[in-house]
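Chemist: Need coordinates for the following:
(4 chains)
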Amino acid sequence: MAGALQAPRSCPPKEEKEEEEEDQEQPEGGKEQRVSEEEGRASAGAAEGGRGDEDVHVEWKEGEPVPFSHLSSTLDRVQGTSKRLEIISIVTAALSTVRRLTPDDLVPFVYIMLGRVAPPFKGLELGVGDSVLVQAIAAASGHETSKIKEEYKKVGDLGQVAVATRRNQLSLSPVRALTVRSVFEAMKSAAAIEGSESVKQRRDIILCLLVAARGNESLWITRILQGKLRVGLAEPSVISALAATFVLHPPASSSSSFPSPLPPPSLSPEEFKKESSIATEALKEALAQQPCYETVVPILLEHSYQQLPVLCPLTPGVPVKPMLAHPSRGVSEVTKRFGNKTVTCEYKYDGERSQIHWLEDQKVKVFSRNSEDTTGKFPDIVELLPKIVEGGGVKSAILDCEVVAVERATNRILPFQILSTRARKNVQLSSLKVDVCVFAFDILLLNGESLMRRPLIERRQILRQNLREVEGRFKFVSSIDPTSPEDMEEFFQVALQDSCEGLMIKSLEGEPSQYAPDKRSREWLKLKKDYIEGMVDTFDLVVVGAWQGRGKRTGVYGAFLLACYNSETDEFETVCKLGNAKVPEGPNQPDVWFDPSTVWEISAADLSLSPQHTACYGVVHASRGIALRFPRFVREREEKGASQATTSQQVKEIFSQQRNVQSGEESDASTS
DNA sequence: CCTGTCTGCCC
DNA sequence: ATTCTGC
DNA sequence: GCAGAATGGGCAGACAGG
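Modeler: Residues are numbered from 1 along each chain as shown, chains lettered A, B, ... in the order given. Modelled structure (predicted):
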């Protein structure tokens, strides 16, 4: 006992050896739980009222650090419902209290819920995955890591494992209670660690958190560090709640003293709902243009949300959330959706989405689809850009592009798998091994002026008039503005011939053609051949193994291992795992192997050379097999036996054909 | 110094 | 990336 | 149709450990 008490004082505790007292505590049982229930009722009431108001139980004083238990009990309550509005309402209530008492903790509170530590473009990552967590949980519980892994498989949720294996359930722990602030600081310091021993240090930081955690807190700490709350709460809902919070608690009018002590009493539920949705839109727009809570939240504390988009303008050097596209199952579906609006079809290149910024000081920044700063990966683009903007009056610009690997001698497009071998950090021009061509398709800003509200037809014209193509290095995407479905169909085929994945289809004129950052729009459609039935070879594959599912899939299989049949050796060779089968029957053993008998039809986008899978190993490559890219379940082939599955020879044939279309040659990726 | 594992991030 | 599901 | 949560192949880079 002494040891158990002592450990938390010296943080991190040393490796311990003492026997584990079998704690029989039920995580659902403690007294913390009773408090949660009360709070649960409180905010459920608020939810029914439609707004999400203050917490009834406030356990800290104005200006003091927010206790972590506030966040923890909030998540407990969120877990109790699957209704989105109710979730948002619960989070709104929690944020409102924080906003009123300790507004400085709003940003940490939000970051913790999102499992992040900084905006994506700052390049600061937690560096915590399941493995480190398992080690920390093992250390905190006194169990072996193997035991924790075993439990994880069985329970399907590391957070629950952390709670269930907790060593001392003493509510009167000698460690100070966690605060939102201290947890966030711990996360930041974990993220900052590097070098040898860094894994141990991270483990120890987490260990401290777990030791200091009370009741359900270890559940949430674990899930937060995994980056998955698994309660139906993710960024869009957090944003909605944050917006609603500031509807309830706007900044004191003009610049007077403190936040208004009371929510504006005059808002009817309908008005609140309406205002909240307006505020959410404004906040989403601001965060799309300035994806940084440290910037946006302080502005919200000072100014009305109506001014947000103006106060968080599109800024060269700061990434914008890119506009995304929805899949579409064929030209007929596309024409149906767009009616007789004018549209454009652009090649959909198989590369990496890149947002290229040209700054007033002539600096260049490149951002990925997820707003990561990838400038260091593309020194050639940095070098190229002055040539692109040369001569014109381009002082600043933000371009939306797809970067594609090319073979420099011929400027032929290469597969994505080649692009992905590019070095990523601090790459020197002289050491580049993979050449690229930038295919530009949109411009969001020119000379400081946002173009996002302009129709695409204008943006496209501005793009093409102000920037210069450089053969093999910077091109505008191939496109047509089709006048008939037949045009579109034909262009689709041409795109496939030209080594593209398919087409992007976009409105050209009017409001739907404006640039809508983030997921807020399905105005763009993507058309790929593997979306279209009958356009792509499918595979009849044998189910040879399975893994236990996690989370929602606890207790059923989460993924299956599939194989083709090598008729020469009479062996089954794996080609992919599959995660989207409608989980059949299945005993509940973990990670099993099956006798090859069940055959499933699987479709895929592509085949790739695989370091993992054994199909055709040594046949198309000395030390690699072949795998399916984006495999998905089509149906069961009950009439087929295992030996009637697609053969390895057929897989090889399909692979070879694909390579011929793609690059003309089967030039080996692994020379030199 | 080499290899395996983990993590994050592309798709 | 793709897919399924609850709202 | 959105949001959320399951799941895929595969790469570089950073460490751990021999």
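
Chemist: what residues does the stretch 251-400 of chain A put near DNA strand D?
Modeler: By C-beta under 7 Å from any atom of the strand, the residues of the stretch 251-400 of chain A that approach DNA strand D are A:His326. Every residue, glycine included, has its C-beta placed from N, CA and C.

Chemist: pLDDT of stretch A:522-539, averaged?
Modeler: Mean pLDDT, computed over stretch A:522-539, is 94.

Chemist: same thing with stretch A:372-389?
Modeler: Across stretch A:372-389, the average pLDDT comes to 98.

Chemist: got a list of contacts for that stretch?
Modeler: Residues outside stretch A:372-389 that contact it (C-beta atoms under 8 Å, 6 or more residues apart in numbering): A:120-123, A:319, A:352, A:354, A:356, A:358, A:362, A:364-368, A:397, A:403, A:422-429, A:432, A:435-436, A:438, A:466-468, A:470, A:473-474.

Chemist: from those, which are also near DNA strand B?
Modeler: Under the cut-off given by C-beta under 7 Å from any atom of the strand, DNA strand B has A:Pro120, A:Gly123, A:Glu352, A:Ser368 from the contacts of stretch A:372-389 close to it.

Chemist: what's the spacing between the third one and A:Arg422?
Modeler: Summarising the geometry, the distance separating A:Glu352 from A:Arg422, computed by C-beta to C-beta, to the nearest Å, is 9 Å.

Chemist: Settle it for me: which of the two has more neighbours?
Modeler: Ranked by neighbour count (other C-beta atoms under 10 Å), A:Glu352 and A:Arg422 place A:Glu352 first, with 21 against 18.

Chemist: Wait, the more buried one touches A:Gln417, no?
Modeler: No - counting by C-beta atoms under 8 Å, A:Glu352 does not reach A:Gln417; the two are 12.0 Å apart.

Chemist: Please enumerate the strands of the stretch 551-672 of chain A.
Modeler: Using DSSP state E, counting those that start in this stretch, the strands of the stretch 551-672 of chain A run over A:557-566, A:571-578, A:592-593, A:599-603, A:606-610, A:625-629, A:632-636.

Chemist: and those, which one is worst for confidence?
Modeler: Looking at the strands of the stretch 551-672 of chain A, the bottom one is strand A:592-593 with a mean of 86.

Chemist: one step back: quick one: which of the contacts of stretch A:372-389 sit in helices?
Modeler: A:Asn466 (DSSP state H).

Chemist: could you flag which of the contacts of stretch A:372-389 are buried?
Modeler: Buried residues within those, counting neighbours by 16 or more other C-beta atoms under 10 Å: A:120-121, A:319, A:352, A:354, A:356, A:358, A:364-368, A:397, A:403, A:422, A:427, A:432, A:435-436, A:438, A:466-467, A:473-474.

Chemist: what's the residue closest to the geometric middle of chain A?
Modeler: A:Asn370 (7.5 Å; C-alpha atoms, centre = their mean).

Chemist: what's the distance between that one and A:Glu235?
Modeler: Distance, A:Asn370 to A:Glu235, using C-beta to C-beta: 12 Å.

Chemist: cool, and A:Gly510?
Modeler: Distance, A:Gly510 to A:Glu235, by C-beta to C-beta: 29 Å.

Chemist: who has more neighbours, the two?
Modeler: Neighbours per residue (other C-beta under 10 Å) separate A:Gly510 from A:Glu235, with A:Glu235 holding more: 16 against 12.

Chemist: residues in contact with the closest residue to that one other than its chain neighbours?
Modeler: Leaving out its chain neighbours, the residue that sits closest to A:Glu235 by C-beta to C-beta, 6 or more residues apart in numbering is A:Leu114, at 5.8 Å. Listed by C-beta under 8 Å, 6+ apart, the contact set of A:Leu114 reads A:Ala234, A:Glu235, A:Val238.

Chemist: Tell me which of these fall in helices.
Modeler: A:Glu235, A:Val238.

Chemist: Let me know the closest of the contacts of A:Leu114 to DNA strand C.
Modeler: A:Ala234 (11.7 Å; C-beta to the nearest atom of the strand).

Chemist: Let me see the backbone angles for the residue nearest to the closest one when sequence neighbours are not counted.
Modeler: Leaving aside its sequence neighbours, A:Ala234 sits nearest to A:Leu114 (C-beta to C-beta, 6+ apart; 7.8 Å). When read as degrees, to the nearest 10, the backbone of A:Leu114 gives phi -90, psi 0.

Chemist: Local confidence estimate at A:Leu114?
Modeler: pLDDT recorded at A:Leu114 is 98.

Chemist: Look up how far DNA strand B lies from it.
Modeler: 12 Å (C-beta to the nearest atom of the strand, to the nearest Å).

Chemist: next one: A:Gly625
Modeler: Distance from A:Gly625 to DNA strand B, by C-beta to the nearest atom of the strand: 16 Å.

Chemist: quick one: contacts for that residue?
Modeler: Contacts of A:Gly625 by C-beta under 8 Å, 6+ apart are A:Glu573, A:Thr574, A:Val575, A:Leu609, A:Ser610, A:Gln612, A:His613, A:Thr614, A:Ala615, A:Cys616, A:Tyr617.

Chemist: Kindly recompute the last result at 7 Å.
Modeler: A:Glu573, A:Ser610, A:His613, A:Thr614, A:Ala615, A:Cys616, A:Tyr617 (C-beta atoms under 7 Å, 6 or more residues apart in numbering).

Chemist: out of those, what pair is the most spread apart?
Modeler: Spatial extent of the contacts of A:Gly625 (C-beta to C-beta) is set by the pair A:Glu573 and A:Ser610 at 10.6 Å.

Chemist: The stretch 201-350 of chain A: strands as residue ranges?
Modeler: A:325-328, A:343-348.

Chemist: Return the most buried member of those.
Modeler: Of all the strands of the stretch 201-350 of chain A, strand A:343-348 has the most neighbours on average by mean count of other C-beta atoms under 10 Å, namely a mean of 24.

Chemist: Packing partners of it?
Modeler: Packing partners of strand A:343-348 (3 or more C-beta pairs under 7 Å, 6 or more residues apart in numbering; DSSP states H and E): strand A:479-480, helix A:485-497, strand A:502-507.

Chemist: how about the residues of the stretch 451-600 of chain A that lie near DNA strand D?
Modeler: Selection of the stretch 451-600 of chain A residues close to DNA strand D by C-beta under 7 Å from any atom of the strand yields A:519-522, A:547, A:549-553, A:558-559, A:576-580.

Chemist: All set now, cheers.
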